[in-house]
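**Student:** Fold the following, please.
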Amino acid sequence: MKIYNTLTRTKEEFVPLKEGEVSMYVCGPTVYNLIHIGNARPMIVFDTFRRYLEYKGYKVNYVSNFTDVDDKIIATAIAEGTTAEEISQKYIAECKKDMEGMNIMPATVHPQATEEIDGMISLIETLIEKGYAYDKDGTVYFRTRKFEEYGKLSKKNIDDLEAGHRDIKVVGEESKEDPLDFVLWKPKKEGEPSWQAPWSDGRPGWHTECSVMAKKYLGDEIDIHAGGEDLIFPHHENEIAQSECANGVQFAKYWMHNAFLNINNKKMSKSEGNFFTVRDISEKYDLQVLRFFMLSAHYRSPLNFSDELMEAAKNGLDRILTAAEKLRDAIAAGNDNGLTDDERIDINEAGKFVEKFEEAMDDDNNTANAISAVFELVKYSNSKIDENSSKDFAIALYEILLRLTDVLGIIVEKEEELQGDEEYIKEMIAKRAEAKKNKDFALADQIRDELDAKGIELEDTREGTKWNRK
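**Tutor:** So this is what the prediction gives:
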């Protein structure tokens, strides 16, 4: 499997630091409002990549944070006459609702910046001790030029850089040793949340937060760090600088960044009147359509959002859902005579679509080509299934479709349909028993996992396999 590494600007063979395991950190949203569709792209893209890593058998430790202390959060709290904590907790809850609607798997850990302040203070103390940071009247700055590799991710020449970073102007800003130095800790202003630190009562800089959360939950070195391309500079560049100076090792081996999302070929902004939240989209479309739309282009390609393209995504998704429904009907109506010789050949032939799907995903998470492989499978399935098809043949094709759509996070079977389809559950249990009898334990485990994902728990007893809903 190859992924494009922003650090080297090349596609590289993915080799994790620890065999069979992947550590992955994805920058999450700042929670001061409902998430917008620009926030949704990295969530969907990297959730899909995580799903594929797990499909390939990796154990993935997936960490995605919530930035819950920030100027915008404070400004919103002041405007609404409440606290920053109430604002952040409110919008974390709303974000999780939208993530569930987009079928985003919960992260292994969703750390919140305000719960990791002690670690941030410790990181800053280490950087000061090593001479990489300094305190000026309660504000702590990072000595950017002291890190000789600064700019290696963004490919920016340090001599050409301006001190452009997201931190607010603070007391002592004019005391910087160098205009390029960035803030690690800032003193509090009146009415702002603050924490006690050796330098001042205040709060950490934005960049400091992610370095600490990645280190705590994933270690000094991590496999993959991901996010939107707008974070390459200065956020990710600064994360590298402070992490590598503090820890003495490479911070992240691979860096993945998704491209921008435009609205009708324009940059999304409130002033343009083309700013859409995920909640806005959910009023017009099922959020599965939004997910499918996001995956219909390569993640490193700019993506244009429009009504026409969303309608096209809806139609494409409907083709897949209709094919799945046809297969379910065929399972219910199919004969019990077992697979014919021709059907066995057809199942083997369907394997080529799985191969195409995997080739696409192995090539830098190319979901656009992976979807093309699914469409080919759908066309093939539609042409092969008829009133004479055996139940086993329909089940086999359905299982292939489920496996691939599950990687994409596309739900082809509504929960309420499954709830009433006890016959299907029994068929799957019988299929699993046959797989175990044939010593095909991989297939048996796969069937168990698929049922488990749908809320069906299996228990093997002397009397046979029993099932219940979780």
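**Student:** Tell me the gap between the longest helix along the chain and the middle of its chain.
**Tutor:** Looking across the chain with DSSP state H, the single longest helix is helix 307-333. The chain centroid and the centroid of helix 307-333 are separated by 24 Å under Cα atoms, centre = their mean, to the nearest Å.
**Student:** any idea of the mean pLDDT for that helix?
**Tutor:** In this model, helix 307-333 has an average pLDDT of 95.
**Student:** Ok, stretch 3-10 next?
**Tutor:** Averaging pLDDT along stretch 3-10 gives 98.
**Student:** Of all the residues in it, which ones are buried?
**Tutor:** Of all the residues in stretch 3-10, those buried under the rule 16 or more other Cβ atoms under 10 Å are 3, 4, 5, 6, 7. Quick note: C-beta positions are derived from backbone N, CA and C, even for glycine.
**Student:** And stretch 347-361, by the same measure?
**Tutor:** Residues 347, 350, 353, 356, 357, 358, 360, 361 are the ones in stretch 347-361 that count as buried (16+ other Cβ under 10 Å).
**Student:** where's the residue lying farthest from the centre of the chain relative to residue 392, distance?
**Tutor:** What lies farthest from the middle of the chain is residue 337; by Cα atoms, centre = their mean that is 43.3 Å. Residue 337 is 9 Å from residue 392, where distance means Cβ to Cβ, to the nearest Å.
**Student:** ok, residues contacting whichever strand or helix holds residue 215?
**Tutor:** Residue 215 is located in helix 206-218, with elements delineated by DSSP states H and E. Contacts to helix 206-218, defined as Cβ atoms under 8 Å, 6 or more residues apart in numbering, come from residues 23-25, 27, 61, 63, 65, 67, 70, 108-109, 111, 113, 116, 119-120, 122-124, 165-167, 182, 184-185, 222, 225, 234-235, 238-239, 242-243, 246-247, 251-252.
**Student:** From those residues, which land in strands?
**Tutor:** Among these, the ones falling in strands (DSSP state E) are 23, 24, 25, 61, 63, 182, 184, 185, 222, 225, 252.
**Student:** how about the strands in the stretch 51-200 of the chain?
**Tutor:** In the stretch 51-200 of the chain, the strands defined using DSSP state E, counting those that start in this stretch lie at 59-64, 133-136, 139-142, 182-187.
**Student:** need these in TSV with mean neighbour count, distance to residue 154 and mean pLDDT, can you?
**Tutor:** What follows is these, written out as TSV (neighbours: other Cβ atoms under 10 Å; distance: least, Cβ to Cβ, whole Å; pLDDT from 0 to 100):
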stretch	mean neighbour count	distance to residue 154	mean pLDDT
strand 59-64	21	22	98
strand 133-136	20	21	97
strand 139-142	26	16	97
strand 182-187	25	14	96
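**Student:** Which among those is found nearest to residue 447?
**Tutor:** strand 59-64 (20.4 Å; Cβ to Cβ).
**Student:** Around the residue nearest to the residue farthest from the centre of the chain when sequence neighbours are not counted, how many other residues sit close by?
**Tutor:** Leaving aside its sequence neighbours, residue 337 sits nearest to residue 390 (Cβ to Cβ, 6 or more residues apart in numbering; 5.7 Å). Residues near residue 390, counting by other Cβ atoms under 10 Å, number 18.
**Student:** so residue 390 touches residue 338, yeah?
**Tutor:** Yes - contact criterion Cβ atoms under 8 Å: residue 390 and residue 338 qualify, at 6.2 Å.
**Student:** how about the strands in the stretch 251-400 of the chain?
**Tutor:** Counting by DSSP E, counting those that start in this stretch, the strands of the stretch 251-400 of the chain are 252-258, 261-263, 266-267, 303-305.
**Student:** mind listing what the second one pairs with, with the direction of each?
**Tutor:** Strand 261-263 sits in its sheet next to strand 266-267 (antiparallel), strand 303-305 (parallel), going by DSSP bridges.
**Student:** what's the longest one in contact with?
**Tutor:** Counting by Cβ under 8 Å, 6+ apart, strand 303-305 makes contact with 37, 41, 259-265, 268, 276, 293-294, 297, all of which sit outside it.
**Student:** from the residues you listed, which single one is nearest residue 13?
**Tutor:** Nearest to residue 13 among the contacts of strand 303-305 is residue 259, at 22.7 Å by Cβ to Cβ.
**Student:** Please give the number of neighbouring residues around the spatially closest residue to the closest one that is not a sequence neighbour.
**Tutor:** Excluding the flanking residues, the one nearest residue 259 by Cβ to Cβ, 6+ apart is residue 302, at 4.7 Å. Neighbourhood size, residue 302 [other Cβ under 10 Å]: 13.
**Student:** Check the one 3 residues further on too.
**Tutor:** Residue 305 sits with 22 neighbouring residues when counted by other Cβ under 10 Å.
**Student:** and it, bridged to which residues?
**Tutor:** Residues in a beta bridge with residue 305, per DSSP bridges, are residue 263.
**Student:** quick one: secondary structure of residue 452?
**Tutor:** helix (DSSP: H, G, I helix; E, B strand; the rest coil).
**Student:** Nearest residue to it in space, ignoring adjacent ones along the chain?
**Tutor:** Closest residue in space to residue 452, ignoring its immediate chain neighbours: residue 458 at 7.6 Å, by Cβ to Cβ, 6+ apart.
**Student:** Partner strands of whichever strand or helix holds that neighbour and their direction?
**Tutor:** Here residue 458, judged by DSSP H and E, is contained in strand 456-461. Looking at strand 456-461 with DSSP bridges, its partner strands are strand 464-469 (antiparallel).
**Student:** Just give me how far the partner strand sits from the chain centre.
**Tutor:** 33 Å.
**Student:** which outside residues touch that strand?
**Tutor:** Contacts for strand 464-469 (Cβ under 8 Å, 6+ apart): 419, 425, 429, 432, 433, 451, 455, 456, 457, 458, 459.
**Student:** For the closest residue to residue 295 other than its chain neighbours, report the pLDDT, please.
**Tutor:** Spatial nearest neighbour of residue 295, chain neighbours left out: residue 367 (4.0 Å); criterion: Cβ to Cβ, 6+ apart. You'll see residue 367 listed with a pLDDT of 98.
**Student:** Residue 416 now?
**Tutor:** In this model, residue 416 is scored at 50, pLDDT.
**Student:** number of nearby residues for the closest residue to residue 363 other than its chain neighbours?
**Tutor:** Nearest residue to residue 363 in three dimensions, chain neighbours excluded: residue 2, at 6.2 Å (Cβ to Cβ, 6+ apart). Applying other Cβ under 10 Å, we find 13 residues neighbouring residue 2.
**Student:** now residue 2: how far from residue 257?
**Tutor:** Distance, residue 2 to residue 257, by Cβ to Cβ: 16 Å.
**Student:** right, and the helix or strand after the worst-scoring helix or strand of the chain on mean pLDDT?
**Tutor:** Lowest on mean pLDDT, DSSP states H and E among the helices and strands of the chain sits helix 415-419, with a mean of 52. Moving toward the C-terminus from helix 415-419, the next helix or strand (DSSP H and E) is helix 422-437.
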